[in-house]
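1. Okay, structure incoming, though there's no sequence with it:
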């Protein structure tokens, strides 16, 4: 099986949390970012063993996205 790159989930609302859980379940290397994460977002990241970058500024977000294979946006 070919190695997967990192997946970045931006926004951990209801949809973002579901996408995050599915990616983790399928063995993806995932990192998440949210500008105002609540308890549910922090729990979802923690339960999945996923790094959560809180309120990244523009530079931090660009570094996070650099080299990502896929970026998934929660628009909620």
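-> On my side now, so go ahead. Keep in mind that what you see is a predicted model, and the values were worked out from it rather than measured. Residues are numbered from 1 along each chain as shown.
2. Bridge partners for the spatially most central residue of the chain, pull those for me.
-> Computing the C-alpha centroid of the chain and ranking residues by C-alpha atoms, centre = their mean puts residue 32 first, at 2.2 Å. Beta-bridge partners recorded for residue 32 (DSSP bridges): residue 9, residue 52.
3. Excluding chain neighbours, what is closest to residue 69?
-> residue 5 (2.9 Å; C-beta to C-beta, 6 or more residues apart in numbering). All C-beta atoms are positioned from the backbone trio N, CA, C, and that covers glycine.
4. Check what pLDDT the residue nearest to residue 55 when sequence neighbours are not counted gets.
-> The shortest distance from residue 55 to any non-neighbouring residue, by C-beta to C-beta, 6+ apart, is to residue 35 (5.1 Å). We have a pLDDT of 96 for residue 35.
5. what about residue 35, neighbour count?
-> Residues near residue 35, counting by other C-beta atoms under 10 Å, number 12.
6. and it, what does it touch?
-> Contact analysis of residue 35 by C-beta atoms under 8 Å, 6 or more residues apart in numbering lists 11, 54, 55, 56.
7. Which members of these are classed as buried?
-> Buried members of the contacts of residue 35, counted by 16 or more other C-beta atoms under 10 Å: 11, 56.
8. Can you tell me which of the contacts of residue 35 is closest to residue 71?
-> For the contacts of residue 35, the closest approach to residue 71 (C-beta to C-beta) belongs to residue 11, at 10.7 Å.
9. How about that closest one, nearest residue that isn't a chain neighbour?
-> In space, residue 11 is closest to residue 74, 3.2 Å off (C-beta to C-beta, 6+ apart).
10. could you pull out the helices for the chain?
-> 14-25, 39-48, 58-65 (DSSP state H).
11. wait, what's in contact with the residue nearest to the centre of the chain?
-> Residues near residue 32 by C-beta under 8 Å, 6+ apart: 8-10, 12, 16, 20, 41, 44-45, 50-53.
12. got any ranges where the chain has weak pLDDT?
-> The model of the chain has pLDDT under 70 over residues 1-3.
13. Thanks again, I'm all set now.
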